[in-house]
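Trainee: Let me see the structure of the following:
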Amino acid sequence: MAAIASSPSARSARLGLRATHEQEVVLRRAAEVAHKSLTDFILDSACLAAEQTLLDQRLFMVFGSQYQALMDLLEQPEQPNEGLRDLFSRKAPWDAK
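Mentor: I've put the predicted structure just below:
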């Protein structure tokens, strides 16, 4: 999943946050090192973390006998499942607008 990019002129949503003085200093220093505005740095970092969190819900790795056990489960006929019905009725967070 590629990082979500937007031009400053396309931004319409306003986000507010509070930080400690130490957090602000670190963020400003990192933004300067990255040659970005503080807003761009925070948005880029937050979107990257958000995408990773969402991917962690979609991609997982198994090894050895776990793989075969997973494949065996996937080969079983589907069973009625209200939780899955609810999950598949919703749009993916990155598709929702």
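
Trainee: residue contacts, residue 41?
Mentor: 27, 30-31, 34 (Cβ atoms under 8 Å, 6 or more residues apart in numbering). All C-beta spots, glycine's among them, are computed from the backbone N, C-alpha and C.

Trainee: who's sitting farthest from the centroid in the chain?
Mentor: The centre of the chain is farthest from one residue, residue 77, which by Cα atoms, centre = their mean lies 31.0 Å away.

Trainee: tell me the SS of that one?
Mentor: coil (DSSP: H, G, I helix; E, B strand; the rest coil).

Trainee: what about the protein, any weak spots by pLDDT?
Mentor: 1-8, 96-97 (pLDDT under 70).

Trainee: again, 50 this time
Mentor: Along the chain, the parts satisfying pLDDT under 50 run over 1.

Trainee: Need the three-state assignment for the residue nearest to the spatial centre of it.
Mentor: By Cα atoms, centre = their mean, the chain has its centre lying nearest to residue 51, at 2.1 Å. Of the three states, residue 51 takes helix according to three-state DSSP.

Trainee: and if you look at residue 93?
Mentor: coil.

Trainee: which residues touch it?
Mentor: residue 54.

Trainee: Also residue 74?
Mentor: Counted by Cβ under 8 Å, 6+ apart, residue 74 has zero contacts.

Trainee: ditto for residue 18
Mentor: Applying Cβ under 8 Å, 6+ apart, no residues contact residue 18.

Trainee: Look up how far residue 70 lies from it.
Mentor: According to Cβ to Cβ, to the nearest Å, residue 18 stands 43 Å off from residue 70.

Trainee: One more: residue 27?
Mentor: In terms of Cβ to Cβ, residue 27 sits 41 Å off from residue 70.

Trainee: which one of these two has more residues nearby?
Mentor: Higher neighbour count among residue 27 and residue 70: residue 27, with 15 against 12, using other Cβ atoms under 10 Å.

Trainee: right, and the more buried one touches residue 17 too?
Mentor: No. In this structure residue 27 lies outside contact range of residue 17 using Cβ atoms under 8 Å: 10.2 Å.

Trainee: That'll do, ta.
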